[in-house]
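A.B. asks: Sequence first, then the predicted structure, then my questions.
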Amino acid sequence: MQKVQTPENKLAELGLMLPALRPTVGNYVSCVRVKELLFTAGQGVDQYHGKLGRDLTVEEGYKAAQQSMLNLLSVVKRELGDLSKVKRVVKLLGFVNSTEDFTEQPKVMNGASDLLVQLFGESGKHARSAVGMAQLPNNTAIEIEMILEVAE
């Protein structure tokens, strides 16, 4: 009997783990479900701080985006029970803490996008915006929010 490849199995094969949920730091919730859509609040990272183009390299930004996505997937797993209930990744919005002249925000955001495609295949391909920001809370390198289509 062949083992079913769940997103959680794929994470383990990649040597990645979902982190503990990060607490919210304001008057909001981590996600809101409206029928078959799940909207997440933005998730930053605890490990990467500073500006892309000055304090961090594109490679470090890529890792920060991957970590932000793992934080988001922890929220999704808590809400849905398991990641196999994700039918489609619809959209990502990525905010990159970067210098005024840094223009490689899309390369940084690939850290999140590549992980989603590895976990969900074609269903992980999504629309995306990657924008530079003058500053993010706690000087985090990145913050990402996402919209998912999920099983009822």
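C.D. replies: Nice, I can see it. Keep in mind it's a predicted model, so treat the numbers as computed, not measured. Residues are numbered from 1 along each chain as shown.

A.B. asks: rest of the way, CA atoms for contacts and neighbours
C.D. replies: Noted.

A.B. asks: pull the longest strand from the chain.
C.D. replies: Using DSSP state E, we find that the single longest strand of the chain is strand 86-97.

A.B. asks: what's the following helix or strand after that strand?
C.D. replies: Counting by DSSP states H and E, the element after strand 86-97 in chain order, helix or strand, is helix 105-120.

A.B. asks: Would you mark the buried spots in that following helix?
C.D. replies: 105-116, 119-120 (16 or more other Cα atoms under 10 Å).

A.B. asks: between the helix ranked longest in the chain and helix 105-120, how big is the angle?
C.D. replies: Looking across the chain with DSSP state H, the single longest helix is helix 58-80. Here the directions of helix 58-80 and helix 105-120 differ by 40 degrees (axes from the mean of the first three to the mean of the last three Cα atoms, to 10 degrees).

A.B. asks: tell me the angle helix 58-80 makes with strand 86-97.
C.D. replies: Relative orientation of helix 58-80 versus strand 86-97 (the same axes, to 10 degrees): 140 degrees.

A.B. asks: what distance separates the longest strand of the chain from the middle of the whole chain?
C.D. replies: 7 Å (Cα atoms, centre = their mean, to the nearest Å).

A.B. asks: what's the answer for stretch 13-22, then?
C.D. replies: For stretch 13-22, the distance to the chain centre is 12 Å (Cα atoms, centre = their mean).

A.B. asks: now what about that stretch, what contacts it?
C.D. replies: 11, 70-71, 73-75 (Cα atoms under 8 Å, 6 or more residues apart in numbering).

A.B. asks: Report how many residues lie close to the residue nearest to L70 when sequence neighbours are not counted.
C.D. replies: With Cα to Cα, 6 or more residues apart in numbering as the criterion, L70 has its nearest non-adjacent residue at 5.6 Å, and that residue is L18. L18 has 17 neighbouring residues, counting by other Cα atoms under 10 Å.

A.B. asks: Surely L18 forms part of a strand?
C.D. replies: No - counting by DSSP: H, G, I helix; E, B strand; the rest coil, L18 is not found in a strand; it is coil.

A.B. asks: distance of it from S74?
C.D. replies: Per Cα to Cα, to the nearest Å, L18 is found 6 Å from S74.

A.B. asks: what bits of the chain have low per-residue confidence?
C.D. replies: Residue ranges of the chain with pLDDT under 70: 1-3.
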